[in-house]
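[1] okay, sequence plus prediction incoming.
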Amino acid sequence: MARAVGVAVDTLFLDTETYSECNLQTAGAHRYARDPSTEVLLVQWALNDGPITVEDLTLAAGGAPSDTFVSLLNDPSVELVAHNVAFDRGLLAHALGLATPVERWRCTQAQALAHSLPAGLAMLGSALGLPVDKQKDTRGRALISLFCKPRPKAFSGPPRATRDTHPVEWAELLEYAHQDIITLREVAGRLPKWNFTGRELALWHLDQTINDRGFRADAELAEAASAAAARAKATLRAEARAITAGAVESTTQRDVLLSYLLIEHGVTLPDLQKDTLQRRLDDPELPPEVKDLLRNRLEASATSVSKFAALLRSVCDDSRLRGGLQFAGAGRTGRWSGRLFQPQNMKRPALKQDAIDLGIEAIKSGHEALIYSDVMGLLGDVARGCIVAPPGGKLVTADLANIEGRVLAFLAGEEWKLEAFRLFDAGQGPDLYQVAYGRSFGVPPETATGDKRQIGKVQELALGFQGWVGAFVAMATVYRMDLDAMAVAVFAVASPDAASRAKRYATKAVAEGSAYGLSEDVYAACSLVAGQWREAHPATRALWGDLERAFRAAISSEGVVFRAGAFLALRRDGPWLRIRLPSGRYLCYLAPQVDEDNLLSYKGVDTYSRKWARINTFGGKLTENVTQAVARDVLADAMPRVEAAGYPIVLTVHDEIITEVPDEPTVSPAALSAIMSAPISWAPGLPLAAKGFEAKRYRKD
């Protein structure tokens, strides 16, 4: 086929429609492509802006696409574009035997996510303002359900719809396939490219390699854990019935449980969230029966056990789970998010590693209940252990130490804190949780041990992004801090002026009903801790204000660059407001505005509704965005170096890299840590440190 005039590289836009008995949504693209039942029904494509071809492979000899399509697919000068490339690339390779180098591909889904746009083609088309005739056909969902999936088990007709059984609908499917290429091509032409060229594009190619590689999964443990969860849930249901004399069949019945607690015990709960239940369990006046029910609810509602079923659905025949990462899946910041097994949101273990290791053996033998009283809690703790090294190999991991705290201090220019990090890394100073407490209360950091260090830890984790009492209390709950004891401790070291100020805040908050149900003394102590942290971080406070002012100014001054701190630049161009990060990558905010109440907002995917909506923001939230984004860039900067050094990456989990290497002493956590903490040219003066471990089974270090 002749090359387009004036175009150095041709672009092949392509899509596929398939049938499989495998569930794509639960199994993932990699497992789906490898399933024996998977077959490609249609291949639709267009070269550049040329005519669209829809090939019906159910009519083709051997179900093979045309020679023209295969020739284009194999031509190294042709760039390949699809939406959700992992799906189409995998199908071409495994179902049709047409493997292609990942470097030739471009993914409009990944490109959209890299600019904080929706992942789904239908929502993306709407967000980009595509004309109606170029948006994804909404009829397609019903057609896909008809032809691409098995009929329901209760269906009395043919087990599968085909072009012969439903010729009218099949003709509609062909038209739908045609429309998909129209939408794909239009979307590709409208998407920004700022974050999907050069280093970022190469990083996405590496991401695809990592997802193709996958990690080895212990399916035996997942199966045993699923069986253990079923036994534990049955036991918990029996306990709930016994405690309530049959009034509550299961504590997972939210409304039934709330009603029982109110009617039988006069106990009112606003909700059954984990934090709420844990706080009430600390109430000494709560009857033992109620506490037993609340503990039962906490155990019965544990969601971490769902990971075992997810693993079993998506693991491939070679015992590897692929596609566990989503490039730029964490919305605003560009961080990776988890898919399928969801390695990014595994439960923080409550048990020590020795107990977890024993628990794995007990689960596999079916005797977990003989050793552990909270079986559901144990199952959540062992989920990480489903990630294992292959025979003859080991896992080597390293985690960037306190990377968000370091990046925030770097962006803000909080020099005293950067120096504290450097001294700690050199083994010459206390850790930053001690430093935070000492700086807040004017005491030597070395004396901030035990509960004082814990206060410093919660300060650091909760307050860096303009958080106040609510943020501190939420984080304190995570770490099971005794807030009454904390109140006594902080007032013992606070200055009289600071204590008096905090008590005035508390009196007002309690009177207004905005004290989160805390006593006046506890609220005062929390506001004191938050206020003292702010006093100790003047540059960080300044960054909050600078970012918000620059964001507001950029909205009303198109084309003008505004600075925030030494490393951030903001500018609006048309509908986009971008924040340039030190790495050269951008955070992208579409349709920013200041509303009638003087609030800042932009358009994005709402975290809770998953709909395209207007989202409010402010200085602290913008600071969180840029801090997490730069932390992501630090990790991303190291990943190609890690690969080049002979450490094949199988996962990233937050700020941690997990590699799968031969079980030899020449590859070590120390070497991996050194690669990850090497100085970065675009972040001069940013102190980095990393630490890791090696093991046959993944764990929380």
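    Perfect, I can see it now.

[2] rest of the way, CA atoms for contacts and neighbours
    Noted.

[3] tell me the SS of residue 659?
    strand (DSSP: H, G, I helix; E, B strand; the rest coil).

[4] check contacts around the closest residue in space to it that isn't next to it in sequence.
    For residue 659, the nearest residue in space outside its immediate sequence neighbours is residue 649; the separation is 4.3 Å by CA to CA, 6 or more residues apart in numbering. Shown in contact with residue 649 (CA atoms under 8 Å, 6 or more residues apart in numbering): 210, 639, 642-643, 657-660.

[5] tell me the one of those nearest residue 13?
    If you rank these by distance to residue 13 using CA to CA, residue 210 comes first, at 24.1 Å.

[6] how far does stretch 375-386 sit from the chain's center?
    Taking CA atoms, centre = their mean, to the nearest Å, one finds stretch 375-386 lying 20 Å from the centre of the chain it belongs to.

[7] can you tell me the average pLDDT over that stretch?
    Per-region confidence: stretch 375-386 scores 94 on mean pLDDT.

[8] got the domain boundaries for the chain?
    According to automatic domain parsing, the chain comprises the domains 10-191, 219-388, 415-536.

[9] Serialize the ones you listed to JSON lines and add fields for distance to residue 678.
    Formatted as JSON lines, the entries for those read as follows, by distance: least, CA to CA, whole Å:
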{"stretch": "domain 10-191", "distance to residue 678": "25"}
{"stretch": "domain 219-388", "distance to residue 678": "20"}
{"stretch": "domain 415-536", "distance to residue 678": "13"}
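
[10] in JSON lines, list the ones you listed along with mean neighbour count and distance to residue 550.
    As requested, the domains of the chain are arranged in JSON lines below (neighbours: other CA atoms under 10 Å; distance: least, CA to CA, whole Å):
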{"stretch": "domain 10-191", "mean neighbour count": "18", "distance to residue 550": "20"}
{"stretch": "domain 219-388", "mean neighbour count": "18", "distance to residue 550": "18"}
{"stretch": "domain 415-536", "mean neighbour count": "18", "distance to residue 550": "17"}
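
[11] right, so of those, which gets closest to residue 689?
    Proximity to residue 689, assessed across the domains of the chain by CA to CA, is greatest for domain 415-536 (6.8 Å).

[12] which is the next helix or strand following the lowest-mean-pLDDT helix or strand in the chain?
    Lowest mean confidence among the helices and strands of the chain (mean pLDDT, DSSP states H and E): helix 274-281, at a mean of 80. The element immediately downstream of helix 274-281 (helix or strand, assigned by DSSP states H and E) is helix 288-300.

[13] so how far is stretch 535-555 from its chain's centroid?
    Taking the mean of its C-alpha atoms, stretch 535-555 sits 26 Å from the chain's own mean (CA atoms, centre = their mean).

[14] in it, what's buried?
    If you call a residue buried by 16 or more other CA atoms under 10 Å, then stretch 535-555 has these buried ones: 536-537, 539-541, 543-555.

[15] circling back: so which of the domains of the chain gets nearest residue 591?
    So among those, domain 10-191 is nearest, using CA to CA, at 10.4 Å.

[16] measure that closest one end to end?
    Domain 10-191 has an end-to-end distance of 18 Å (criterion: CA to CA, to the nearest Å).

[17] next: stretch 135-154.
    For stretch 135-154, the end-to-end distance is 34 Å (CA to CA).

[18] what does it rub up against?
    Judged by CA under 8 Å, 6+ apart, the contacts made with stretch 135-154 from elsewhere in the structure are 17-21, 121-122, 125-126, 158-162, 169, 172-173, 176, 179-180, 182-183.

[19] got it, and stretch 415-432?
    The contact list for stretch 415-432 (CA under 8 Å, 6+ apart) reads 406, 409-410, 435, 445-446, 456, 686-687, 689.

[20] repeat the analysis, applying 7 Å as the threshold.
    Defining contact as CA atoms under 7 Å, 6 or more residues apart in numbering, one finds that stretch 415-432 is touched by 406, 409-410, 445-446, 687, 689.

[21] what mean pLDDT does that stretch have?
    95.

[22] need the pLDDT of residue 605.
    The score at residue 605 is 89. That number is its pLDDT.

[23] residues contacting it?
    By CA under 7 Å, 6+ apart, residue 605 lies in contact with 118, 611-613.

[24] out of these, who's nearest residue 250?
    residue 611 (32.6 Å).
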